[in-house]
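**Q** Task: produce atomic coordinates for the following.
(one chain, ligands or ions: 1)
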Amino acid sequence: MDTSLKSTTFSGRSGISRTGLEARLLARPEGLPAPGDFEITEVAVPHPAAGQALVRNLFMSLDPGMLMLIAGESGLPMPRYELGEVMYGDAIGEVVASGDPSLVEGDLVMHRLGWREYAVAQAGLFRRVDRDAYPTPSTYLGFGLVAYVGLMDAAELRPGDTVFVSSAAGATGGMAGQIARLKGAARVIGSAGSRDKAAYLTGRLGFDAAFDYHDGPIVDRLREAAPEGIDVYFDNVGGEQLRAAIEVMNPHGRIAVCGALNRQSKAGPDGGPGDLLSVLGKRLTIRGFTMGDHLERAPEFGAQFRTWLREGAIVYDETVIDGLANAPQALLDLVNGAYTGKTVVRLGS
Ligand SMILES: NC(=O)c1ccc[n+]([C@@H]2O[C@H](COP(=O)([O-])OP(=O)(O)OC[C@H]3O[C@@H](n4cnc5c(N)ncnc54)[C@H](OP(=O)(O)O)[C@@H]3O)[C@@H](O)[C@H]2O)c1
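**A** This next block holds a predicted model:
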């Protein structure tokens, strides 16, 4: 991979001598980035000042939305990545030194200072979490809460609904399909980018039907899978899948717009629905949402998710990429369909 590596060694006043890698965006590409648009640099890690904590990151999340922060698109609910500055994203790590009484060495914390091996910041930016909640800390980075609020709040899921989920073998989609079933959906249908992934949905994840969206007209595949129509569409994609879902929706159907993979993966126009007459005729609801607007649901979801995991009622799969230096390429591979489940980067162990 074309990344430049500079090395600096630091000896802090406390005698700590520590360096760590961090990633910066060097160029704002037209379309999708290339690994050479990133720089991975080894830098000195300062000792935390009063009120700060130093965290050694264990895992960071990879999210297709990062491609829009790289592109610098307007209208996003998060700030874009600035050229030359360390990128950010969800991460989980361990406090190794603290200058604030609210955190002590060994605390497991979640925060937004990913794309670096060590994070030094005001202690208030780190949220302590329970070390024993999950078998591996990376589970905290999952998108179950996204799926949950999309279904419960944006789509107002009702028992007996037929639910269609796109990008269903991915982080959010895999959770959305399973949670829909656990919350009373009568039939759950998923789409994904290969026949193997479709088999994974009906096999391991327990979807009732699944199809490869490359396999002929999507609207035909969806009608075959949902002969009685769909009531809820959990949309990770936009584009042709959204058009097809609108056609196959039952009257008063509800669409939760979670993502825009069709656009993110090509970094171009979405090609979504133009004619909204069916939305009017069928009195459909299309509602965009972001998880950040529903954080009050986190304790309720966390308790429910842990119970489902303990009882074996839900499957949580993840793909782990090793090392920050591999993260830029992995982000591209993610939207090219290389992985299933939630994709995380291991930054330390
Ligand atoms: N609203 C929120 O709060 C929120 C929070 C988190 C994530 N999101 C968004 O939700 C979406 C899903 O995120 P994720 O992390 O769960 O990603 P993901 O589904 O785990 O991974 C990306 C997947 O994109 C699929 N893909 C690429 N181009 C596609 C296309 N044109 N049509 C269908 N699938 C395509 C690939 O699989 P295939 O092999 O199936 O093509 C790949 O597996 C993203 O748009 C993300 O930005 C929103």
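
**Q** rest of the way, CA atoms for contacts and neighbours
**A** OK.

**Q** Tell me how far the residue most central in space within the chain lies from the ligand.
**A** Central residue of the chain (C-alpha atoms, centre = their mean): Asp63, 4.4 Å from the mean position. Note on Asp63: its distance to the ligand, by C-alpha to the nearest ligand atom, to the nearest Å, is 5 Å.

**Q** now do Lys197
**A** Distance from Lys197 to the ligand, by C-alpha to the nearest ligand atom: 7 Å.

**Q** and that residue, how many neighbours?
**A** 23 (other C-alpha atoms under 10 Å).

**Q** what's the answer for Trp308, then?
**A** 15.

**Q** Find me the pLDDT at the residue nearest to it when sequence neighbours are not counted, would you?
**A** Nearest non-adjacent residue to Trp308, counting by C-alpha to C-alpha, 6 or more residues apart in numbering: Ile314, 5.6 Å away. Per-residue pLDDT puts Ile314 at 98.

**Q** Pretty sure Ile314 sits in a strand.
**A** No. Counting by DSSP: H, G, I helix; E, B strand; the rest coil, Ile314 is not part of a strand but coil.

**Q** these two touch, right, it and Ala176?
**A** No. Here Ile314 does not reach Ala176: they are 10.8 Å apart, not a contact under C-alpha atoms under 8 Å.

**Q** More neighbours: the two, which one.
**A** Shown here are Ile314 and Ala176; by other C-alpha under 10 Å, Ala176 has more neighbours (30 against 21).

**Q** Relative to the whole chain's centre, how far out is the helix or strand the more buried one falls within?
**A** In this structure, Ala176 is located in helix 171-182 according to DSSP states H and E. In terms of C-alpha atoms, centre = their mean, to the nearest Å, the centre of helix 171-182 is found 13 Å from the chain centre.

**Q** again with stretch 132-139
**A** For stretch 132-139, the distance to the chain centre is 17 Å (C-alpha atoms, centre = their mean).

**Q** quick one on the thing from earlier: quick check: the gap between the residue nearest to the centre of the chain and Asp322.
**A** To Asp322, Asp63 is 16 Å away according to C-alpha to C-alpha, to the nearest Å.

**Q** same thing with Ala186?
**A** 39 Å.

**Q** what does Arg28 give?
**A** Distance from Arg28 to Asp322, by C-alpha to C-alpha: 25 Å.

**Q** How about the residues of the stretch 201-349 of the chain by the ligand?
**A** 236-237, 258-262, 265, 289-291, 334-337, 339-342 (C-alpha under 6 Å from any ligand atom).

**Q** The helix holding Ala176 - contacts with which helices or strands?
**A** Using 3 or more C-alpha pairs under 8 Å, 6 or more residues apart in numbering; DSSP states H and E, the elements in contact with helix 171-182 are helix 144-149, strand 162-165, strand 187-192, strand 342-346.

**Q** could these be laid out in a markdown table, adding mean pLDDT, distance to Arg243 and mean neighbour count?
**A** Compiled in a markdown table, the helices and strands packed on helix 171-182 are given as follows (pLDDT from 0 to 100; distance: least, C-alpha to C-alpha, whole Å; neighbours: other C-alpha atoms under 10 Å):
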| stretch | mean pLDDT | distance to Arg243 | mean neighbour count |
| --- | --- | --- | --- |
| helix 144-149 | 98 | 21 | 25 |
| strand 162-165 | 98 | 13 | 29 |
| strand 187-192 | 98 | 14 | 26 |
| strand 342-346 | 98 | 26 | 25 |
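
**Q** Among those, which comes closest to Pro33?
**A** strand 342-346 (18.3 Å; C-alpha to C-alpha).

**Q** Need the contact partners of the closest one.
**A** Identification of contacts with strand 342-346 by C-alpha atoms under 8 Å, 6 or more residues apart in numbering yields 58-63, 138, 141-143, 170-172, 317-324, 327, 334.

**Q** burial count for Arg221?
**A** 18.

**Q** try the one 10 residues further on
**A** Asp231 is surrounded by 26 other residues when neighbours are defined as other C-alpha under 10 Å.

**Q** That one contacts Val165, correct?
**A** No. If you go by C-alpha under 8 Å, Asp231 and Val165 don't touch, sitting 11.3 Å apart.

**Q** ok now do the closest residue to Val248 other than its chain neighbours, which residues does it touch?
**A** Spatial nearest neighbour of Val248, chain neighbours left out: Gly229 (5.4 Å); criterion: C-alpha to C-alpha, 6+ apart. Contacts for Gly229 (C-alpha under 8 Å, 6+ apart) come out as 162, 223, 248-250.

**Q** nearest to Glu94, of those residues?
**A** Looking across these and measuring by C-alpha to C-alpha, the closest to Glu94 is Thr162, at 41.9 Å.

**Q** That closest one reaches Phe234, doesn't it?
**A** No. Between Thr162 and Phe234 there is no contact under C-alpha under 8 Å: 11.0 Å.

**Q** what's the pLDDT at Gly12?
**A** Taking Gly12 on its own, its pLDDT is 40.
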